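Trainee: could you look at this predicted model? Sequence included:
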Amino acid sequence: MPDMIKMALCQPAVVDNKAENLHKAAEMVRRAAKSGCQIAVLPEMFNCPYQSELFPSYAESFPNGETIRLLARLAKEENIVIVGGSIPEKDGERVYNTSFIFAENGELIGRHRKLHLFDVDIKAGTVFKESDTLTAGNDITVVTACGVKLGIGICYDIRFIELAREMTDRGAQVLIYPAAFGLVTGPAHWELLMKARAIDNQVFVIGAAPARTLGAKYQAYGHSIAVDPWGRIVAEADETESLLTIVLDLKTIASVREELPILKHRRPKIYHN
């Protein structure tokens, strides 16, 4: 495992135009590579607006979808690992909310289909039902890139502590959540959840979000963020379009676990009873 890893969190403003969204994403990935980043992370549904009724029309199939081919080509051309946020993925008659992860040689090394669908009715003003058009995935995703084990979840997945612990138990050192929290859940829970998962598991936690798009039906919160194993914020964006570059000192994982050995002190036999 390397001591340090440099990453870029891409926070584009997403519009109802796939070509424009892909152009913007590609531009950000190229900027990330030029700045020396080894990994670029895109946000949830970076190629289409976060509206359930639009997901089927934007959906693509692996391996020939336009977005998928672009990510593979970019990874190879720019020699950078890409955690491809998520896009609507069509597989037969079903559509999934899927993150495709590509190694720096352009090869697919992981595919995470969102496990927990965002079906909520919050009195403060958020009503959403992903299950109207999406199907939930069934597999936990941990991949190795640049010598580091990355656990991948998508947005609502971060609220499920069992998933984060299982990825940690499988060796994940960095948990990455492409997400699109809105203006109700974002201010209330975004930073809190990132810190909680980092502290619970003594790992780095990354949240990559779209920027706020004025006039859009769904307003993203933005605030892409990186949190260290002690729960400290490494860096955080605001709500505007931006490219957030961060350096993670991976030695922090071992030092925090040595000082506060909660993972060693766990008693799973008792919990499972």
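Mentor: Everything's here; your move.
Trainee: who does the residue nearest the centre of the chain bridge with?
Mentor: Geometric centre of the chain, nearest residue: P178, 2.1 Å, by C-alpha atoms, centre = their mean. In this entry, P178 is beta-bridged to A208, by DSSP bridges.
Trainee: any idea how far it is from A33?
Mentor: 19 Å (C-beta to C-beta, to the nearest Å). Bear in mind the C-beta positions are built from the backbone N, C-alpha and C, glycine included.
Trainee: where along the stretch 101-250 of the chain do the helices fall?
Mentor: In the stretch 101-250 of the chain, the helices defined using DSSP state H, counting those that start in this stretch lie at 161-169, 185-201.
Trainee: ok, A33 - how many residues close by?
Mentor: 20 (other C-beta atoms under 10 Å).
Trainee: enumerate the positions of stretch 69-84 that are buried.
Mentor: 70-72, 74-76, 78, 80-84 (16 or more other C-beta atoms under 10 Å).
Trainee: show residues contacting that stretch.
Mentor: 22, 25-26, 29-30, 32-33, 37-42, 46, 63, 67-68, 99-108, 145-146, 150, 152, 176, 178, 208 (C-beta atoms under 8 Å, 6 or more residues apart in numbering).
Trainee: list only buried entries from these.
Mentor: Looks like these have 22, 25-26, 29, 32-33, 37-42, 46, 67-68, 99-104, 106, 108, 145-146, 150, 152, 176, 178, 208 buried, using 16+ other C-beta under 10 Å.
Trainee: which stretches of the stretch 1-150 of the chain form strands?
Mentor: Counting by DSSP state E, counting those that start in this stretch, the stretch 1-150 of the chain has strands at residues 4-11, 39-41, 81-83, 87-91, 94-102, 108-113, 119-122, 126-129, 141-145, 148-152.
Trainee: by mean pLDDT, show me the worst of those strands.
Mentor: Among these, strand 126-129 carries the lowest mean pLDDT, a mean of 89.
Trainee: what's in contact with it?
Mentor: 52, 118-121, 182, 184-185, 218.
Trainee: from the chain's centroid, how far away is it?
Mentor: Computed by C-alpha atoms, centre = their mean, to the nearest Å, the chain-centroid distance of strand 126-129 equals 20 Å.
Trainee: stretch 132-144 now?
Mentor: For stretch 132-144 - counting by C-alpha atoms, centre = their mean - the centre lies 12 Å from the chain centre.
Trainee: what of stretch 8-27?
Mentor: 15 Å.
Trainee: what about it, how long is it end to end?
Mentor: End-to-end span of stretch 8-27 (C-alpha to C-alpha, to the nearest Å): 12 Å.
Trainee: may I see the buried residues of it?
Mentor: By neighbour count on 16+ other C-beta under 10 Å, the buried set for stretch 8-27 is 8-14, 18, 21-22, 24-26.
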